[in-house]
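Participant: Return atomic coordinates for the entry below.
(one chain, ligands or ions: 1)
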Amino acid sequence: MAVKSLYYSLIVMFLLTLGLVSCTKEKSDTENTNDIYSIAVFVPGVIAGSPTYEMMAEGAQRAVNEVDGRELKIIEGGYNQGEWLEKITVLASSNEYDLIVSTNPAMPAICNEVSKLFPNQKFFLLDGFLEGNKSIYTFRYNQVEQSFLNGYFAGLITSSKMDGANTDLKIGLIAGQEYPDMVKAILPGFTAGAENVNSSISVDFRIVGNWYDAEKARSLSMSMFNSGVDIILTIAGGANQGVITAAREMGKYVLMYDVSAYDDAPGIIIGSTEIKQERAAYEKIKLAIAGKMNFGTAEIATVKDGWISFDNKHPLYLKNISADINSRMEEIISELVSGKISLKMPVY
Ligand code: RBF
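Facilitator: Numbers count the residues shown, from 1 in each chain. Below you'll find the predicted structure:
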């Protein structure tokens, strides 16, 4: 860690002495003018296989396409998380971008660090939370609500008489890595949703250790299915493919998060929550271009506001799921919308 921060300091000093950067350089004469507004999207990982990253890039592209003569710069930060701070620092130090856009719960802390050196650099961060830095606006989803919907559905499936459901009342969750949103919001929400169906349901929680190793995800899934799990919620980026492969081999089920993906594995992916991340990226970037982004504030998107939903309209869903299960889903969704069930994101 000490070596890392020394390395980071050296990079910053190097940039400063080269005169490549200036912490005080102002863009005020040009800021917020539509035709010059310049945006970089930093993908903390790779785009392919990661739904929230794909949607961020698409939404940003749609917003920038509406601004004449501007190209969107998209930078894939790669899977080495230790390099992200340095890469964002280099982006901010270039002073080329009015706005840096990124997404995931680790980005606010990283951009907050960079912001200390480059206070004029503005950031828009999706799927993360930070209040009070006048250069940063964050927009996160109520992941307790979202995972509650996934858990409720998984609970209905494991309690059902469907072909892939045994009598063990076991469901699973596979995550790319362990991080605060996962252990404090997603896992508890998922568990609460399932227990709302039947308090005897247990959740088998496993971690891949990265966001790309499909083979590891496949072997974890095989072990879970062999121990009686009927359905796995997978939140593991590129590694999700391994979960699908295992479910196909075992005649079991997969539940997706963030994007409706029934067509990718008909009869195997049988449920899916969705977030409107493409729309969020698009609408908020348009706001930023118009000079109306509320930097310094943090917004939380909910089911009630339409930012989170469960896709129960897709033909494959309707084909695989009984009318009884679907009406239970309709009911629970309307209880979240009406506020009859209220699930808050914890503060941590
Ligand atoms: N989700 C992905 O789909 N792909 C990723 O590569 C990825 N990398 C992440 C890295 C970190 C440090 C953290 C905290 C989360 C990451 N996520 C990734 C999870 C993602 O931000 C989000 O929480 C989940 O997709 C659930 O919405």
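Participant: contacts and neighbour counts: CA atoms only from here.
Facilitator: Will do.
Participant: Residue 174 is in what secondary structure piece?
Facilitator: Using DSSP states H and E, the element containing residue 174 is strand 170-175.
Participant: For the ligand, tell me whether that strand is touching it.
Facilitator: No. Applying C-alpha under 6 Å from any ligand atom, one finds strand 170-175 separated from the ligand by no less than 8.3 Å.
Participant: Could you point out the helix or strand that follows that strand?
Facilitator: Beyond strand 170-175 toward the C-terminal end (DSSP H and E), the next one is helix 180-181.
Participant: I would like the residues contacting that following helix, please.
Facilitator: 105, 143 (C-alpha atoms under 8 Å, 6 or more residues apart in numbering).
Participant: near the ligand at all, it?
Facilitator: No. Helix 180-181 does not reach the ligand (C-alpha under 6 Å from any ligand atom); its nearest approach is 6.7 Å.
Participant: tell me which parts of the stretch 101-250 of the chain are close to the ligand?
Facilitator: Going by C-alpha under 6 Å from any ligand atom, the residues of the stretch 101-250 of the chain near the ligand are 104-106, 179, 211, 235-237.
Participant: could you flag which of the residues you listed are buried?
Facilitator: Taking 16 or more other C-alpha atoms under 10 Å as the criterion, what is buried in these is 104-106, 211, 235-237.
Participant: Specify which member of those is nearest to residue 282.
Facilitator: Checking these against residue 282 by C-alpha to C-alpha gives residue 104 as the nearest, at 16.7 Å.
Participant: my guess is residue 118 meets residue 93, correct?
Facilitator: Yes. Counting by C-alpha atoms under 8 Å, residue 93 is a contact partner of residue 118 at 7.1 Å.
Participant: Including pLDDT, could the residues of the stretch 101-250 of the chain next to the ligand go into JSON lines?
Facilitator: As requested, those are exported to JSON lines (pLDDT from 0 to 100):
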{"residue": "104", "pLDDT": "98"}
{"residue": "105", "pLDDT": "98"}
{"residue": "106", "pLDDT": "98"}
{"residue": "179", "pLDDT": "98"}
{"residue": "211", "pLDDT": "97"}
{"residue": "235", "pLDDT": "98"}
{"residue": "236", "pLDDT": "98"}
{"residue": "237", "pLDDT": "97"}
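Participant: Residue 88: helix or strand, and which one exactly?
Facilitator: helix 84-93.
Participant: Now find how far off-centre that helix is within its chain.
Facilitator: Centroid displacement of helix 84-93 relative to its chain, using C-alpha atoms, centre = their mean, to the nearest Å, is 21 Å.
Participant: Counting by contacts, list what it packs against.
Facilitator: helix 2-17, helix 107-117 (3 or more C-alpha pairs under 8 Å, 6 or more residues apart in numbering; DSSP states H and E).
Participant: The last one: what's the following helix or strand?
Facilitator: Pointing back at helix 107-117 there. Later in the chain than helix 107-117, the nearest helix or strand by DSSP H and E is strand 122-126.
Participant: partners of whichever helix or strand comes after that following strand in the sheet?
Facilitator: Scanning forward in sequence from strand 122-126 by DSSP H and E, the next helix or strand is strand 136-141. Using DSSP bridges, strand 136-141 pairs in its sheet with strand 122-126 (parallel), strand 298-301 (parallel).
Participant: And the contacts of strand 136-141?
Facilitator: Against strand 136-141 from outside (C-alpha under 8 Å, 6+ apart): 108, 112, 122-131, 275, 293-302, 307-308.
Participant: how does this protein divide into domains?
Facilitator: Under the assignment automatic domain parsing, the domains of the chain span 2-141+277-301, 143-275+312-338.
Participant: Which parts of this protein are helices?
Facilitator: For the chain, helices defined by DSSP state H occupy the ranges 2-17, 51-65, 84-93, 107-117, 143-158, 180-181, 187-197, 214-226, 240-250, 277-289, 315-320, 323-338.
Participant: okay, these in CSV with mean neighbour count next?
Facilitator: As requested, the helices of the chain are exported to CSV (neighbours: other C-alpha atoms under 10 Å):
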stretch, mean neighbour count
helix 2-17, 13
helix 51-65, 21
helix 84-93, 20
helix 107-117, 19
helix 143-158, 27
helix 180-181, 16
helix 187-197, 23
helix 214-226, 20
helix 240-250, 21
helix 277-289, 21
helix 315-320, 14
helix 323-338, 15
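Participant: I'd like those helices as TSV, with mean pLDDT and distance to residue 168 appended.
Facilitator: Below are the helices of the chain laid out as TSV (pLDDT from 0 to 100; distance: least, C-alpha to C-alpha, whole Å):
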stretch	mean pLDDT	distance to residue 168
helix 2-17	55	47
helix 51-65	97	31
helix 84-93	98	43
helix 107-117	98	39
helix 143-158	98	8
helix 180-181	98	28
helix 187-197	98	13
helix 214-226	98	11
helix 240-250	98	16
helix 277-289	97	36
helix 315-320	98	21
helix 323-338	98	19
